[in-house]
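K.L.:
This is the structure alone, sequence omitted:
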C-alpha cells in the first residue's frame with residue numbers, strides 16, 4: 001500500500017508545475033502555487049526543494065531562461081523576449097541570463113550560443 005501513497009505524494013506538485021509552465025510570462029506567486037497543491041507556503045517550499053532539487057524561485061527562473069533561449073534562437077529581440085517570459089525588463093533578463101548561461105542574450109543570439 002505504501003507505493004500508492006508515494007505515487008500520490010509525487011503527484012502533489014503536478015498542479016504547481018503545470019501552472020508554472022502555462023504561465024511563465026506572468027507573475028507567479030508562491031502562495032498561489034502552494035494553494036494549487038493544497039500545501040502551506042512553507043511546506044510547499046520544503047517539498048518543492050526536496051523533490052525538484054531547487055527552490056521554486058530558482059526553478060521558475062531556470063524555466064524562464066530556457067524559454068528565453070528558444071525565443072532568442074527564433075530571432076526575437078531581447079526586450080520582447082524579456083516581457084514574453086516574465087522578466088521585469090531587458091536588464092533583469094540580461095542579469096539572470098548571464099548568471100545561468102555565462103553570456104548575455106545578445107552574445108547568445110550573435111552566435112556564441114548557437115553551439116549551446
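P.N.:
That came through, no problem. This is a predicted model, so every value here is computed, not measured. Residues are numbered from 1 along each chain as shown.
K.L.:
quick one: average confidence on the top helix by length along the chain?
P.N.:
In the chain, assigned by DSSP state H, the helix with the most residues is helix 56-73. Averaging pLDDT along helix 56-73 gives 96.
K.L.:
Which residues are in contact with residue 81?
P.N.:
Applying CB atoms under 8 Å, 6 or more residues apart in numbering to residue 81 gives the contacts 68, 71-72, 93, 105. Every residue, glycine included, has its C-beta placed from N, CA and C.
K.L.:
switch the cut-off to 6 Å
P.N.:
68, 71-72 (CB atoms under 6 Å, 6 or more residues apart in numbering).
K.L.:
cool, residue 107 as well?
P.N.:
Not one residue lies near residue 107 by CB under 6 Å, 6+ apart.
K.L.:
What's the per-residue pLDDT of it here?
P.N.:
Value for residue 107, per-residue pLDDT: 94.
K.L.:
ok, now residue 110?
P.N.:
On pLDDT, residue 110 comes in at 89.
K.L.:
for it, helix, strand, or coil?
P.N.:
helix (DSSP: H, G, I helix; E, B strand; the rest coil).
K.L.:
roughly how far out does stretch 55-67 sit from the chain middle?
P.N.:
Here stretch 55-67 is found 2 Å from its chain centre; the criterion is CA atoms, centre = their mean, to the nearest Å.
K.L.:
Which positions within that stretch qualify as buried?
P.N.:
56, 59-61, 63-65, 67 (16 or more other CB atoms under 10 Å).
K.L.:
For those residues, could you give me CSV that also reports distance to residue 98?
P.N.:
Converted to CSV, the buried residues of stretch 55-67 look like this (distance: CB to CB, whole Å):
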residue, distance to residue 98
56, 22
59, 19
60, 18
61, 12
63, 17
64, 14
65, 10
67, 16
